[in-house]
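[1] Okay, structure incoming, though there's no sequence with it:
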C-alpha cells in the first residue's frame, strides 16, 4: 500500500523571475534598504503591509521576495561600503537575486552549532560544507552564507557571514526538492567544496555572523508572518464567497450557524494575528529592546493561527476544497511551512520563555 | 508646463442609500479614488514631458482637504506640484462652475497645454474640459487617445471614434485636450516616489477668490428609477426557448 517514490509534479513549477523584477521596479526589491543604494527606505511596518497584500496573490513568491529583502538588509546594515555599492543597487532592482544560507542538514533549530567552515588563506577564505533547504538556490545570484570561522565548539561566537557569488568555483547545488508547497521558488542544497572567496566578501566582522543572522531573522519572522496573514485573508475571502454560493439541504451554507461561527472565529483570528505582527514590526522600527520577543510571539501566533484559518477554509469548501482546481488548497499548502522555517514555532516558544524566565 | 485637472471621484458601494431630501448620497457609501480618465490625462502629461525632455506637470483639483490624497497620488506618479482649490460654495458645483475655478488657476499657471479627463467616473457630464477650453479661449479636442507635440506651435492629436475608428486632427498650441482611457497605460507609483511625493508642494487656494456670482446648475432630484417588471421569463428546453425568441424577434421586427 505504501506509495512509490514521488513522481515529478504534474503542474510545472516556475520561478517567476520576471514578475519579481516587475515588483522590484516598484521598489519591492529592497523595501527597508537605504535609498543611497537604490533601496526604498521604508519601515518594517510598511513592509509588513506590503507582504501581506502581495501574499493574497501568491504566498510562495511573496515569501521568496521577503527572503531576498532580508538578505539585502543584511548587506545594507552590516556590509562594507564596497559591498553595499557593488551589490545592493542590483539586488534592489532584482537584477541579482539573493538566497540566505544558515540551515545545514544536521543543524536546523540548533543553528548556532553549524559546521560549514571558512578558513583564512591569505586574502581569501576557503569554505567547506553544505546548507539545506535553501530557497532560490541554484537560480539565484548572491548567497549570504553563515560559516564557522572559529573553533568547532565555539557555538554562536564562531560564526561569520560571507557573500558568495553564484559562479564561484566550488559552489554547487543539489537536486531541486519536491515540496508540498512554496513551489514557485526552487529549494536546493548548497554544497561548498573548497569554495574560495575574497576576504572582502565578509559581511560584518569575524564572529559577528550569528548576531547578523538573529537580527535578520527578527525582520524575517515578521515578513513570513505577514505572508501568513495574506494567505489567511485570501482564504477567508474565498470561503466567504463560497459560503454565499453553495447550497445544501435547501439553504445557502452561509445560513448555517456553525459555519457562520467558524468564519467569525477565522476573521477574529486573522485580525488578532495582524495586530501582533504590526505591533512587532513597529517595535523593530523603534528599536525597542523587546523587539526580538515581540517578533517571536507574532510569528508564533500568526503562522499557527493563519495556517489553521487556511485549513478551516479548505474544510468549509468541502470536497471542492481538496481539488487543485480551487485556490484555497494552495494557500493552505503554502502557509503550512511558515510554522517551520525562519525559526520553528517551538524555537519561538524557547525565545519567549527565555525572555520571561532567564 | 502641462496643467492637469484631476478629480477625486466616488465609487458607490453595493449597498448605498439615496437621501432624497438632501438630494445626495452620504459619503460613507463611497470608495474614493483618482478618476480613471484623469489618470490617463496625467499619464499623457508625464509622457509628453518625458518625450520633450523638459517641462513641469502641475496637478490641480477642486476639493476639500481630503482631496489632497488625490493630489499626492498624482505627485507620486510624477507630477511636480499640486494645487488644491476649495470653498464651501464649490461643494456639488456643476461643470461650468468648476471650469471657471480651473480657469482661475490656469490664469496663474499659464500652461502650454491643459489636459483633463474626458469625463468623471461618478457624475460623467464630460463637460468640464470643454467648458474650460471655451472659458480660456483655447482650441481643444475631446476624447483624445494620444498627443504628438514637439513643443512648437502645433500638435497632432488622435481621437477615439465609435466602432474602434480613430481620427487624427491638427491643433495649434497651446490647447486643451480631454483624454480618453485606453490610449496609454497609467504607470504605478514606485515606493520611492510615493515617499518623495510627501515632500512635493501642494498650494491651497481659497475658492472664494474666484468670484462665483453666477449661480450654476442645481440638483433638483436624485432617485433610482422604479424597477418595472417588463421582463418575460421564457420556459422550456433549449429548442422551445429558441423558437420563442425567434417569434419575439420576428414580432418586434414587424415580420408576420
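    In hand now; what should we look at? Bear in mind the structure is a predicted one, so any value in this text is a computation, not a measurement.

[2] Return the set of buried residues in stretch A:39-54.
    A:39-42, A:44-52, A:54 (16 or more other CB atoms under 10 Å in any protein chain shown). Using the backbone N, CA and C atoms, a C-beta is placed for each residue, glycine as well.

[3] and if you look at stretch B:97-112?
    By 16+ other CB under 10 Å, the buried positions in stretch B:97-112 come out as B:97-106, B:109, B:111-112.

[4] rewinding a little: restrict the buried residues of stretch A:39-54 to contacts with chain B.
    Counting by CB under 8 Å from any CB of the partner chain, A:40, A:41, A:42, A:46 from these sit close to chain B.

[5] Dump the residues you listed to CSV, plus pLDDT and secondary structure.
    Compiled in CSV, those are given as follows (pLDDT from 0 to 100; DSSP: H, G, I helix; E, B strand; the rest coil):
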residue, pLDDT, secondary structure
A:40, 96, coil
A:41, 95, coil
A:42, 95, coil
A:46, 96, helix
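
[6] looking at this, residue B:239 is in a helix?
    Yes: applying DSSP: H, G, I helix; E, B strand; the rest coil, one finds residue B:239 inside a helix.

[7] While we're on it, how confident is the model there?
    Among the per-residue scores, residue B:239 holds a pLDDT of 91.

[8] if I pick it, what's in contact with it?
    If you count contacts by CB atoms under 8 Å, 6 or more residues apart in numbering or on different chains, residue B:239 has none.

[9] thinking again about what came up before, farthest-apart pair in the ones next to chain B among the buried residues of stretch A:39-54, please.
    A:41 and A:46 (9.5 Å; CB to CB).

[10] Could you report the neighbour count for the residue of the stretch 151-256 of chain B at minimum distance from chain A?
    Of all residues in the stretch 151-256 of chain B, residue B:191 sits closest to chain A, at 3.1 Å by CB to the nearest CB. Neighbourhood size, residue B:191 [other CB atoms under 10 Å in any protein chain shown]: 22.

[11] how about CSV for the ones next to chain B among the buried residues of stretch A:39-54, with distance to residue B:153 added?
    Output for these, formatted as CSV (distance: CB to CB, whole Å):
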residue, distance to residue B:153
A:40, 42
A:41, 44
A:42, 45
A:46, 47
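
[12] Let me know the closest of those to residue A:172.
    Among these, and counting by CB to CB, the member closest to residue A:172 is residue A:40, at 33.7 Å.

[13] Quick check, the residue in the stretch 201-350 of chain A closest to chain B?
    For the stretch 201-350 of chain A, CB to the nearest CB, closest residue to chain B: residue A:244, 12.7 Å.

[14] Surely that residue forms part of a helix?
    Yes: counting by three-state DSSP, residue A:244 is part of a helix.

[15] Looks like it contacts residue A:252 (just checking).
    Yes: with contacts counted by CB atoms under 8 Å, residue A:244 reaches residue A:252, the gap being 6.2 Å.

[16] Residue B:92 and chain A, how far apart?
    Look at residue B:92 and chain A: by CB to the nearest CB, to the nearest Å, they are 34 Å apart.

[17] where does that residue land in three-state SS?
    For residue B:92, the assignment made with three-state DSSP gives coil.

[18] What pLDDT does the model give it?
    On the pLDDT scale, residue B:92 gets 79.

[19] again, but for the one 3 residues further on
    At residue B:95 the predicted local distance difference test score is 90.

[20] wait, which of the ones next to chain B among the buried residues of stretch A:39-54 is closest to residue B:136?
    For these, the nearest to residue B:136 is residue A:40 (40.0 Å; CB to CB).

[21] Quick check, the closest one in contact with residue A:30.
    Yes: at 6.1 Å, residue A:40 and residue A:30 qualify as touching, with contact defined as CB under 8 Å.

[22] Which residue is it, in the stretch 1-150 of chain A, that comes closest to chain B?
    For the stretch 1-150 of chain A, CB to the nearest CB, closest residue to chain B: residue A:27, 3.1 Å.

[23] just checking, that residue touches residue B:188?
    No: assessed by CB under 8 Å, residue A:27 is found out of contact with residue B:188, at 9.8 Å.

[24] higher neighbour count, the two?
    Neighbour totals were compared for residue A:27 and residue B:188, and residue A:27 leads with 26 against 14 (other CB under 10 Å).

[25] and the more buried one, what does it touch?
    Taking CB under 8 Å, 6+ apart as the test, what residue A:27 contacts is A:40, A:42, A:92, B:190, B:191, B:192.

[26] measure the first one to residue A:217 for me?
    Residue A:40 sits 21 Å away from residue A:217 when distances are taken as CB to CB, to the nearest Å.

[27] which neighbours do residue A:40 and residue A:30 share?
    With CB under 8 Å, 6+ apart, residue A:40 and residue A:30 have common neighbours residue A:92.

[28] Now do the phi/psi pair for the nearest residue to residue A:138 once chain neighbours are set aside.
    Closest residue in space to residue A:138, ignoring its immediate chain neighbours: residue A:173 at 4.0 Å, by CB to CB, 6 or more residues apart in numbering or on different chains. Main-chain torsions, residue A:173, degrees, to the nearest 10: phi -130, psi 150.
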